[in-house]
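In: Any chance you can model this:
(chains A and B)
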Amino acid sequence: MNGTDTPQSTAAAGTAAPARTRSKARSREILGRVWASPTGKFSVLMIAALVLVACFADLLVTHSPTEQVLSETNQPPSWMGGEGGHLLGTDPLGRDVFSRILVGLRLSLVIGFLTATATAAIGLTLGLLAGYYERFLGGLLMRLADIQFAVPFAAVGIALAAFAGPGIALLMAVLAFWGWTNYARTIVSSVQQTKRLDFVTAARTAGASPVRVLVRHIAPNVLGPVIILWSTSVGTLILVESSLSLLGLGVQPPDFSLGSMLADAQKTLRLSWWAAVFPGVGIASVVIAFNLLGDSLRDAFNPALSSIAENDPELT
Amino acid sequence: MNPDRRTVSHDGPVLRASGLAKHFRMGGLGRSRKVLKAVDGVSLEIGRGETLGLVGESGSGKTTVGRTLIRLYPPTAGTVEFEGRDITRSSGARLRQDVRRRMSMVFQNPSTSLNPYMRLGEALTEPLVVHRIGDAAQRRSRVAEMLELVGLDTSMADRYPQELSGGQRQRIGIARALITDPSLIIADEPTASLDVSVQAQIVNLLGDLQKELGLAYLFITHDLALVRQISHRVAVMYLGRLMETAPADALFTEPLHPYSAVLASMHQDREHRIVPRGEIPSPMSPPSGCVFRTRCPIAREQCAEQVPQLREAAPGRSVACHFPGELKLDTAAASVRPEPAELTFTDVPPTTAPPRPVPAGSVPHTGEKE
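Out: Below is the predicted model:
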């Protein structure tokens, strides 16, 4: 053979560290791009504000969020002439809406964020596997998704509530497992297309394992829709939680979330619209913040969008 | 890694395939299940530092040959020997060490052969990471070395593929193929989607690298002029079978197989060209006997009955034809006027070929584009 030098192999331990720093550098780069875009910066600040408010709600409340003052039921906001100094009025049980929003935000954010993230992780993993091993596993998973699609979630929810009793943790677990079909259906055909592209073949001829091919080559190429689904589902899940509370699954009094506040206040909308509208505004801000974050995250993930724009003034 | 592996002496060819076949099962159940014989009975050898051109029209199975040789899928039949080892059934660590590290691939389309989400440095490093070669610093310097070798600036490592031109991307594809120091490169139409001027640059680069590194190439192409220019030997495929293998010049000056004669005549003036009849038959229902007989100017009854075997016609030349050398260039042009009246084939498939029943999605994992 010819005499060109090959790099000598070293201990396997030496290979793990640079990979980790590289992925760290990559995530810093993506976050940097999110921060650099106006919508990204706005959404990050908005989410940060929401999280801070939720964390320090106990310090910010003006009244006790659970104390019922029956002499001050259905009071309009103080700036509309309401009595008792309630900034956003009181609900039919005389509880301060403003304080309840601050505290209720906590549970809503946790439910929305954690459930959406867990669902996205499960859906992404199963979608990747279904697309990559399309013949057997893919067929099996997609038929399973079809079956699940035909089963109403409410029926499953009621059955579970009867079986295991109400509980927020159970609700989140069920929601997280139920939502995978949306993700899997969305990405499975992109996975099938991507795995046939030459760069995947190149990785395979270089000896890359299926896990490596899936994680480093296919996943980044199908991540865009997953991010968007994730960010929109944060809001959806906050609302789903409130509708399930009615079934006895999920948040039960005296606990409350923005969703359950909204659901309770619907009944007395004509007496005290503020008790429904302001929690609604709270949910809307969470939804908007996450949708904007999703948009800018997706763009930041795509180097084709950002790196060319950086180098080509005509494209910006 | 065994430090001796590079000093093991291999006197034979770098790659030897015999009786290679790749069949794909298509749709249908039980007896109605169809089999696409994409490649059948292909035997070839590639010497060290040699370029073997593999030519054939679309659908002739040349890409499948390349992909089977590099073991993207296991062959249906036949054996593949690479660097003196039988790799026909290798798998796992053996496959990775014997094949993945020492044989690599260059692709046709430089815009799909690089992951748009990976910096080029990362794409180039990947084979080193997979094979656990070197530490971070050594890998970085190896990437820089490769970039220089293919004539690119080392700063390219920080770019993304979409920031590069087609020619530059193809250079990156070549650098990636070379980074684990292979002995054989399967180049699947590496110039077909490039501008003519860039094509020449890439061809020259491949030639220079061959001289410098002693690489062997399997150069898959349909460009006859190119294959004559760059190949030491040429293998001609038609409908999944090998028609002829010959030194490049010999193939184009004195072809032995009628199909080679057809191809070689395309270099000549219009009136001397041998134009075969009809269309290429569907690979799902190839003709009996010799697959080329339905279009061959000199086909006779024997051709429909017997499959001609590939046999050695001269040192370094083999041909699969019952009447090798009968159809000649130039003079042949006169006798070419097909006079098929005396020939009666009972089972000639209709020449108005039905649309090719090769649904793109039904052949899993092949990536076959043709």
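In: would you list every one of the helices in chain B?
Out: Taking DSSP state H, the helices of chain B run over residues B:62-69, B:92-95, B:120-130, B:136-149, B:166-178, B:196-213, B:224-230, B:248-253, B:258-265, B:301-305, B:331-335.
In: ok, of the ones you listed, where does mean pLDDT dip lowest?
Out: Lowest mean pLDDT within the helices of chain B: helix B:331-335, at a mean of 44.
In: hang on, the earlier thing: got a markdown table for the helices of chain B, with distance to A:Ala159 and mean neighbour count too?
Out: To be clear about C-beta, it is placed using only N, CA and C from the backbone, and glycine gets the same treatment. Shown next, in a markdown table, are the helices of chain B (distance: least, Cβ to Cβ, whole Å; neighbours: other Cβ atoms under 10 Å in any protein chain shown):
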| stretch | distance to A:Ala159 | mean neighbour count |
| --- | --- | --- |
| helix B:62-69 | 50 | 26 |
| helix B:92-95 | 45 | 11 |
| helix B:120-130 | 47 | 24 |
| helix B:136-149 | 54 | 18 |
| helix B:166-178 | 54 | 24 |
| helix B:196-213 | 64 | 15 |
| helix B:224-230 | 68 | 18 |
| helix B:248-253 | 74 | 19 |
| helix B:258-265 | 69 | 26 |
| helix B:301-305 | 69 | 17 |
| helix B:331-335 | 81 | 14 |
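In: okay, those in CSV with distance to chain A next?
Out: Formatted as CSV, the helices of chain B follow (distance: least, Cβ to the nearest Cβ, whole Å):
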stretch, distance to chain A
helix B:62-69, 8
helix B:92-95, 8
helix B:120-130, 4
helix B:136-149, 4
helix B:166-178, 7
helix B:196-213, 6
helix B:224-230, 20
helix B:248-253, 24
helix B:258-265, 27
helix B:301-305, 37
helix B:331-335, 40
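In: Kindly reformat those helices as TSV containing distance to A:Thr119.
Out: Compiled in TSV, these are given as follows (distance: least, Cβ to Cβ, whole Å):
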stretch	distance to A:Thr119
helix B:62-69	38
helix B:92-95	35
helix B:120-130	29
helix B:136-149	36
helix B:166-178	36
helix B:196-213	47
helix B:224-230	52
helix B:248-253	59
helix B:258-265	58
helix B:301-305	62
helix B:331-335	70
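In: Is A:Pro210 in contact with A:Leu128, as I believe?
Out: No: between A:Pro210 and A:Leu128 there is no contact under Cβ atoms under 8 Å: 10.0 Å.
In: on that earlier part again, closest to A:Thr117 out of the helices of chain B?
Out: Distance to A:Thr117, taken as Cβ to Cβ, is lowest for helix B:120-130 among those, at 26.2 Å.
In: Can you name the residues in contact with that closest one?
Out: A:7, A:15, A:19, A:22, A:199, A:203, A:206-209, A:212, A:216, B:96, B:100-101, B:104, B:114-115, B:118, B:133-134, B:139-140, B:142-143, B:146-147, B:156-161, B:164, B:172, B:175-176, B:179-180 (Cβ atoms under 8 Å, 6 or more residues apart in numbering or on different chains).
In: likewise stretch A:179-189?
Out: A:115, A:119-120, A:122-124, A:126-128, A:130-131, A:134, A:138, A:141-142, A:145, A:148-149, A:222, A:225-226, A:229, A:233, A:237.
In: For the residues you listed, which ChimeraX command selects only the ones that are buried?
Out: To isolate the buried members of the contacts of stretch A:179-189 in ChimeraX, using 16 or more other Cβ atoms under 10 Å in any protein chain shown:
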select /A:115,119,120,122,123,124,126,127,128,130,131,134,138,141,142,145,222,226,229,233,237
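In: Out of the contacts of stretch A:179-189, list just those in helices.
Out: A:115, A:119-120, A:122-124, A:126-128, A:130-131, A:141-142, A:145, A:148-149, A:222, A:225-226, A:229, A:233, A:237.
In: Output those of these also counted as contacts of chain B.
Out: On the criterion Cβ under 8 Å from any Cβ of the partner chain, none of the entries of these sits beside chain B.
In: any idea how the chain splits into domains?
Out: This is for chain A. A:30-60, A:61-282 (automatic domain parsing).
In: um, chain B though
Out: Structural domains assigned to chain B are B:14-235, B:258-342, following automatic domain parsing.
In: Endpoints of the first one, how far apart?
Out: So that's domain B:14-235. End-to-end distance for domain B:14-235: 16 Å, by Cα to Cα, to the nearest Å.
In: sorry, back to before: and the domains of chain A as TSV, adding mean pLDDT?
Out: Output for those, formatted as TSV (pLDDT from 0 to 100):
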stretch	mean pLDDT
domain A:30-60	91
domain A:61-282	87
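In: For chain A, see how far away the nearest residue to B:Arg89 once chain neighbours are set aside is.
Out: Spatial nearest neighbour of B:Arg89, chain neighbours left out: B:Pro74 (6.8 Å); criterion: Cβ to Cβ, 6 or more residues apart in numbering or on different chains. Noted for B:Pro74: a distance of 13 Å to chain A, by Cβ to the nearest Cβ, to the nearest Å.
In: B:Pro74 contacts B:Ser90, correct?
Out: No: between B:Pro74 and B:Ser90 there is no contact, the gap being 9.2 Å when judged by Cβ under 8 Å.
In: Pick out whichever of those two has more residues nearby.
Out: B:Ser90 (19 against 12; other Cβ atoms under 10 Å in any protein chain shown).
In: Run through the residues that contact the closest residue to the more buried one other than its chain neighbours.
Out: Closest residue to B:Ser90 in three dimensions, ignoring its sequence neighbours and counting by Cβ to Cβ, 6+ apart: B:Asp98, at 5.9 Å. Going by Cβ under 8 Å, 6+ apart, B:Asp98 touches B:Phe82, B:Glu83, B:Arg85, B:Ile87, B:Ser90.
In: ok, which stretches of chain B are strands?
Out: In chain B, the segments counted as strands under DSSP state E are B:15-25, B:35-46, B:51-55, B:77-82, B:85-86, B:103-106, B:184-188, B:216-221, B:233-238, B:241-247, B:311-314, B:317-319.
In: So is the shortest one next to chain A?
Out: No: Strand B:85-86 lies apart from chain A when judged by Cβ under 8 Å from any Cβ; the minimum separation is 15.0 Å.
In: rewinding a little: would a markdown table of the domains of chain B with distance to A:Gln192 be doable?
Out: Output for the domains of chain B, formatted as a markdown table (distance: least, Cβ to Cβ, whole Å):
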| stretch | distance to A:Gln192 |
| --- | --- |
| domain B:14-235 | 15 |
| domain B:258-342 | 23 |
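In: Of all those, which one is nearest B:Asp249?
Out: domain B:14-235 (7.5 Å).
In: Skipping adjacent residues, who's closest to residue 252 in space?
Out: Just going to use chain A. Using Cβ to Cβ, 6+ apart, the nearest residue to A:Gln252 is A:Pro166, at 5.2 Å.
In: switch to chain B, that's the one I care about
Out: B:Ala264 (4.7 Å).
In: Please, where are all the strands along the stretch 151-300 of chain A?
Out: With DSSP state E, counting those that start in this stretch, there are no strands along the stretch 151-300 of chain A.
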